[in-house]
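> No sequence on hand, only this structure:
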């Protein structure tokens, strides 16, 4: 190897090294170590002790909180993911029209996703969805028989929906991706369809949706993973209650690790969450053979 | 080729790491000497970190204490770290795990046992007793903070939950402040007569703000009814029948409007709770040492005359209860502190320096340290509701809480069951059974 080639390759590896170090130290190492921890009884400030699969066995056979947490998470994901996808697609489709001030609306709709599930938003949500709050007041207008008294945050049947609505409200990023995909659909297709007499609805069903299915797949996987990782809203608004109906796995993992100090158990829960996300993602990818249309 | 590739990556990685390591500064904390020639605690520049949780009044007070220490010890900088109780335990636990905790920490009683599962995880204060005078405490108080034969922390004082009552609401309704649980129930029927299932103007005879208050209220009710404490040496002391009876009594209080139901509870479980702030409750059940923050938020702190610490509720008028007490908190030194002597001296300063004690005022409660207590009395530092609360519970037979009573793994189980009972998920009988079995399972993990 000539000197210049050597210098070039050292230069390349030098540029790669920070990323490689970061990846190994901050990704690979924690992943490997968390799996090892999951096979241990590891009090956060004590000495770890190898216990094999005991944590996993306890989770699946004795832990009622895990069951509640698992069902709460699945309910949240299975309702929340389609909700985000549908709402963001509809809004993106509307904002794809050449309307006056459309850029302003695009910005406005994007803002909630910048705010995320922070403390201020959680206070806002708590006030809006209070039993005596504005949401019930507005709903009361439509309830001709009398006032609406839904206890959105404290009723076990409604609490999870309050959090799903919050997540759905933060559809900005997904909407932007849809918007750029919509703008990439060839206008020629719509013109041809219009000549053939297709209505706007038919054009949406037969042209728009099939043409953007790769983006729908991308957004679905993205939203699915994010929904599984939901933490802030449950931690700040409902604290996992009532009756663990919003006690998402991520919150349970956090409590086990940092509130109760059980690193080993929390690690095992993390791996179970990873497997659940992995399995569902694979299912979505496998199913994409049937419904995703690639133009090429 | 592959071998060469990884060799290069490794070489560059090592070089980068070495470079980064070289960039890091040397330790800023020099080890302290016992004392310097000028009588300073150290003749080198030292920085210690001091952390605590609390409300605004405590934050202001302790920042002033830290400044006073810096003024008197020019070589020492005290960095402060503080916040509300909510989430504080997780924060400290994480810091301890990552060895980034403060040199001096305000610690909760149960942390000393729960965090290390029976082993001391803090610096043994006996090793720095030249700097922190342990003689200023009675041995009984020090013992409460000894773990595994070591002095894990020193207690600030003892505390208990007390009823801080809103006399104005009772007067408005023409009734006396309740002495028994039956009185409370009757008061609820009067005060809450216009309540609706979720009305924003509802009024109650007494409220428990947050899970912890409710858990402790029920714990005291159980103690009052059975004469037995929650747990001893890892065993729950109650039968299902006993718990069921008390849960039914409690439910009757909610049904009568004396206390809010689960749906009626405010989502704000701090001293900003609107039912308390707006004067729509006849009282709160809170820690004696924290009452100043509650009087401060009641009607914006402008109607403190409305408030009065009342005696404990009794099962019957003739049966004076024994009440749970615990060290309100303590001060511990980090095992990773580079300056444990300075840290010890700082703690000693909090307890013995007249100016520091005055600066702390009533933000910490009544101290069990003899020097602090003497100054607090002499300077009338603890007044109003906090003083009344200490005077009041001082007149009762006291039982020091089991260290695992407030352990998160243990009380978390009770919280779940109580919530399940209040929302109708469990009947009283089911809840009672779960209350015992779940709690026992959690305790077994510590005592096996």
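All right, it came through fine. Computed from a predicted structure; not experimentally measured.
> Please count neighbours and contacts with C-alpha atoms only from this point.
Fine.
> Can I take it that residue B:79 is in a strand?
Yes. Under DSSP: H, G, I helix; E, B strand; the rest coil, residue B:79 falls within a strand.
> Next, count neighbours for it.
16 (other CA atoms under 10 Å in any protein chain shown).
> do you know how far it is from chain A?
24 Å (CA to the nearest CA, to the nearest Å).
> check contacts around residue 195.
In the absence of a named chain, this looks at chain A. Residues counted as contacts of residue A:195 (CA atoms under 8 Å, 6 or more residues apart in numbering or on different chains): none.
> That was the other one, I meant chain B.
Neighbouring residues of residue B:195 by CA under 8 Å, 6+ apart: B:201-203, B:257.
> Centre of the chain to stretch A:269-286, how far?
In terms of CA atoms, centre = their mean, to the nearest Å, the centre of stretch A:269-286 is found 13 Å from the chain centre.
> ok, and what's touching it?
Taking CA under 8 Å, 6+ apart as the rule, stretch A:269-286 contacts A:35, A:38, A:56, A:59, A:217, A:221, A:224-225, A:228, A:249-250, A:253.
> What about residue B:227, how many residues nearby?
Per other CA under 10 Å, the neighbour tally for residue B:227 reads 12.
> What does it show for phi and psi?
phi 80, psi 10 (degrees, to the nearest 10).
> quick one: pLDDT of it?
On the pLDDT scale, residue B:227 is placed at 95.
> Equivalent analysis for residue B:25, please.
pLDDT at residue B:25 comes out at 35.
> cool, residue B:28 as well?
Note for residue B:28: predicted pLDDT of 38.
> all strands in the chain, in order from the N-terminus.
Using chain A. Assigned by DSSP state E, chain A shows strands spanning A:40-41, A:49-50.
> nope, chain B please
Using DSSP E, strands in chain B cover B:46-53, B:76-83, B:104-107, B:146-147, B:150-151, B:154-159, B:161-166, B:231-232, B:235-236, B:283-287, B:307-310, B:322-333, B:397-400.
> For residue B:187, give me its contacts.
Residues near residue B:187 by CA under 8 Å, 6+ apart: B:175, B:178, B:205, B:258.
> Out of those residues, which comes closest to residue B:49?
Proximity of the contacts of residue B:187 to residue B:49 was ranked by CA to CA; the top entry is residue B:205 with 43.2 Å.
> List the contacts of that closest one.
Contact analysis of residue B:205 by CA under 8 Å, 6+ apart lists B:184, B:187-188, B:191-192, B:257-259, B:281-283.
> distance between the longest helix anywhere in chain A and the chain's centre?
Assignment by DSSP state H gives helix A:64-95 as the longest helix of chain A. From the chain centre to the centre of helix A:64-95 is a distance of 8 Å (CA atoms, centre = their mean).
> which secondary structure elements does it contact?
Where contact means 3 or more CA pairs under 8 Å, 6 or more residues apart in numbering or on different chains; DSSP states H and E, helix A:64-95 is packed against helix A:102-115, helix A:159-169, helix A:172-184, helix A:213-228, helix A:249-254.
> quick revisit: who wins for proximity to residue B:221 among the strands of chain A?
Nearest to residue B:221 among the strands of chain A is strand A:40-41; the distance by CA to CA comes to 35.9 Å.
> Flag the shaky bits of the stretch 51-200 of chain A, pLDDT-wise.
A:117, A:144-146 (pLDDT under 70).
> ok, which residues in it are in contact with chain B?
Applying CA under 8 Å from any CA of the partner chain, one finds that the stretch 51-200 of chain A approaches chain B through A:126, A:131-132, A:149, A:151, A:154-155.
> give me that answer again for 6 Å
Applying CA under 6 Å from any CA of the partner chain, we find that the stretch 51-200 of chain A lies next to chain B at residue A:154.
> Could you check which residue of the stretch 51-200 of chain A lies nearest chain B?
residue A:154 (5.8 Å; CA to the nearest CA).
> show me what contacts that residue?
By CA atoms under 6 Å, 6 or more residues apart in numbering or on different chains, the contact set of residue A:154 is A:242, B:263.
> Let me see the backbone angles for it.
Per degrees, to the nearest 10, the backbone of residue A:154 is at phi -100, psi -10.
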